[in-house]
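>>> how would this look folded up:
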Amino acid sequence: MIKAKDIMTRELITVSPETEIVQATKLLLEKRINGVPVTDATGKLVGILCQSDLIAQQKKLPIPSFFTFLNGFIATTSMKQIEKQAQKIAATTVAHAMTPNPATVHPDATIEEVASLMVDKNYHTIPVVDKGKLLGIVGKEDVLRTLIPRSKAE
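Okay, here's the model as predicted:
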């Protein structure tokens, strides 16, 4: 059975929360990767920055919609959601744009578990962590490669 440790990328490219957004964007484009783990000074995983987080910066801030109920105004969009979206749109560092505390998998997670997480949660990149230590990362391409039969010469 194929496990996360068998298909993960071990040569990690990471950024820190203090990395500027422009620098992180260039990194994703130059390396042709969808996401990058965000680690603190000790190497602990604190978040993940994906292309979708950066694309969120191009959104317009939604104006809350209100409806009247018994002569009172009720917001249909919570202020916490608006604040979170505003922070991503105005982000200048990775800390403001990243997804904190990302979903992770253990190195012994099966490919089925990884694929389910990707499909069910619409994740493209999943960090592989054991006892708090970032060991690798699994992307959709890593999963797709398992569909190609290996030749006997490899």
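>>> what about the helices in this protein?
Along the chain, counting by DSSP state H, helices occupy 4-7, 21-31, 51-55, 79-89, 94-97, 111-121, 140-145.
>>> Redo the ones you listed as a markdown table? Include distance to K133.
All C-beta spots, glycine's among them, are computed from the backbone N, C-alpha and C. As requested, these are exported to a markdown table (distance: least, Cβ to Cβ, whole Å):
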| stretch | distance to K133 |
| --- | --- |
| helix 4-7 | 13 |
| helix 21-31 | 22 |
| helix 51-55 | 23 |
| helix 79-89 | 28 |
| helix 94-97 | 20 |
| helix 111-121 | 18 |
| helix 140-145 | 19 |
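>>> Just the pLDDT for S78.
pLDDT for S78: 58.
>>> again, but for V36
You'll see V36 listed with a pLDDT of 95.
>>> if I pick it, what's in contact with it?
If you count contacts by Cβ atoms under 8 Å, 6 or more residues apart in numbering, V36 has them with 13-15, 24, 27-28, 48-50, 125.
>>> Check the helices of the chain for me and report the most buried one.
Mean neighbour count (mean count of other Cβ atoms under 10 Å) peaks for helix 94-97 among the helices of the chain, with a mean of 21.
>>> for that one, packing partners?
In terms of contacts (3 or more Cβ pairs under 8 Å, 6 or more residues apart in numbering; DSSP states H and E), helix 94-97 is packed against helix 21-31, strand 45-50, helix 79-89.
>>> Mean pLDDT lowest where, among the helices of the chain?
Out of the helices of the chain, helix 79-89 stands lowest, with a mean of 57 (criterion: mean pLDDT).
>>> before we move on, the earlier item: out of the helices of the chain, which is closest to T42?
Among the helices of the chain, helix 94-97 comes nearest to T42, with 15.6 Å by Cβ to Cβ.
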